[in-house]
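Undergrad: Need a 3D model of the following:
(one chain, ligands or ions: 2)
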Amino acid sequence: MVTLSIEPLTKQAFAPFGDVVETEGNTPLSINQGYAQRFNGLANIDVAAEGGQVNISWFVASVRPAPIAIRLMERHPLGSQMFMPLNGADWLVVVCMDPAISASYRAFAARGHQGVNYARNCWHHPLLVLKDASAFLVVDRKGDGANLEEHWLSEQLQLGVQSAAS
Ligand SMILES: NC(=O)N[C@@H](O)C(=O)O
Ligand code: NI
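TA: Ligands and ions are numbered 1, 2, ... in the order given. As a prediction, this is how the structure comes out:
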């Protein structure tokens, strides 16, 4: 069985798949008479295809049995999908360029202050958390049209042991 190594999540590494939502590297704007900072433009929310609208939701996710098996990948042809952890806990992100090609898979260790915004049509694994009852704010698309495509892997992959996050 192919085991996916896990790499630290960085904007650069994740660029082919979407945005990393974090303040690092973003110069804040001083707003509200200096009583707040605004870290602006952190993700490209792309949900307007075929009349889509922004959907704000709240996920509460549970830990999957270890070692985590990757059996299903999905994508949303009509909209991006953003996940922002609300509990400060580290979590996992698995994406690929082609779900039928194991060499195209990438697994990332996301820190608790990092969110991701999967670009429209980006193949990804459904939400993967490392702590039970992990809450996430989710920004994606609501509206008509087929916005979910799934691919069940002919041979499952396995997530390797997390490398120490840098
Ligand atoms: N099903 C659902 O709303 N969530 C998935 O799209 C996911 O990526 O977790
Ligand atoms: Ni999804």
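Undergrad: If we look just around ligand 1, which residues of this protein are in range?
TA: E74, Q81, H124, P126, L127 (CB under 6 Å from any ligand atom). Every residue, glycine included, has its C-beta placed from N, CA and C.
Undergrad: Can I get those in a markdown table including secondary structure?
TA: Putting the residues of the chain next to ligand 1 into a markdown table (DSSP: H, G, I helix; E, B strand; the rest coil) gives the following:
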| residue | secondary structure |
| --- | --- |
| E74 | strand |
| Q81 | strand |
| H124 | strand |
| P126 | coil |
| L127 | coil |
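Undergrad: what's the offset of whichever strand or helix holds D140 from the middle of its chain?
TA: D140 is part of strand 134-142, with elements assigned from DSSP states H and E. Distance of strand 134-142 from the chain centroid (CA atoms, centre = their mean, to the nearest Å) equals 10 Å.
Undergrad: In terms of secondary structure, what does it contact?
TA: In this structure, strand 134-142 makes packing contacts with strand 53-61, strand 81-85, judged by 3 or more CB pairs under 8 Å, 6 or more residues apart in numbering; DSSP states H and E.
Undergrad: Pull up the pairing partners for that strand, direction included.
TA: strand 53-61 (antiparallel), strand 81-85 (antiparallel) (DSSP bridges).
Undergrad: nearest to L42, of those strands?
TA: With CB to CB as the measure, strand 81-85 is the member of the strands paired with strand 134-142 nearest L42 (9.2 Å).
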